[in-house]
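Student: can't give you the sequence, but here's the structure:
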């Protein structure tokens, strides 16, 4: 959940610091939760991801009453505010939000991929098996 929230919000925070979304539209259309959830369950599903992004310094921690606001019966709004320091958030992003292969991974470079025998990433092992005639899997 944190990864989906991060990917969606990171694209928008360069425009402005604070965003307000309709809870159902945000969860259904942007994060990809099922339409069968009511507002209470949507908030319950979003909380762990929001909490992780707050701990990592990407989102500004907000009280529950400010994070989720009831506008009228059946209509809720969710509020996200970027943390004060973007540099801290970039260095503190959890490993689950980053690419599984950092820039120093030799398998990312096509020219080095052929030379990368003994590389420990799973994709290079699968690649060497497929070159040796064995199938992936």
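Tutor: Yep, it's here. Predicted, not measured: the structure shown is a model, and the values here were computed from it. Numbers count the residues shown, from 1 in each chain.
Student: give the contact list for residue 60.
Tutor: 54, 81-84 (C-beta atoms under 8 Å, 6 or more residues apart in numbering). To be clear about C-beta, it is placed using only N, CA and C from the backbone, and glycine gets the same treatment.
Student: What about residue 22, how many residues nearby?
Tutor: 14 (other C-beta atoms under 10 Å).
Student: Out of the contacts of residue 60, name the ones that lie in strands.
Tutor: Residues of the contacts of residue 60 located in strands (DSSP state E): residue 81.
Student: Buried subset of the contacts of residue 60 as a PyMOL selection?
Tutor: Buried subset of the contacts of residue 60, written as a PyMOL selection, criterion 16 or more other C-beta atoms under 10 Å:
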select buried, resi 54+81+82+83
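Student: just curious, which of the contacts of residue 60 is nearest to residue 8?
Tutor: residue 82 (13.0 Å; C-beta to C-beta).
Student: quick one: contacts for the closest one?
Tutor: Contacts of residue 82 (C-beta under 8 Å, 6+ apart): 9, 13, 17-18, 58-60, 89.
Student: what do you get for residue 23?
Tutor: Neighbours of residue 23 in contact, by C-beta under 8 Å, 6+ apart: 39, 42-43, 68, 76-78.
Student: Distance-wise, check residue 38 relative to residue 54.
Tutor: 24 Å (C-beta to C-beta, to the nearest Å).
Student: One more: residue 29?
Tutor: For residue 29, the distance to residue 54 - C-beta to C-beta - is 23 Å.
Student: which sections of the chain are below the confidence cut-off?
Tutor: Counting by pLDDT under 70, the chain contains low-confidence ranges at 85-137.
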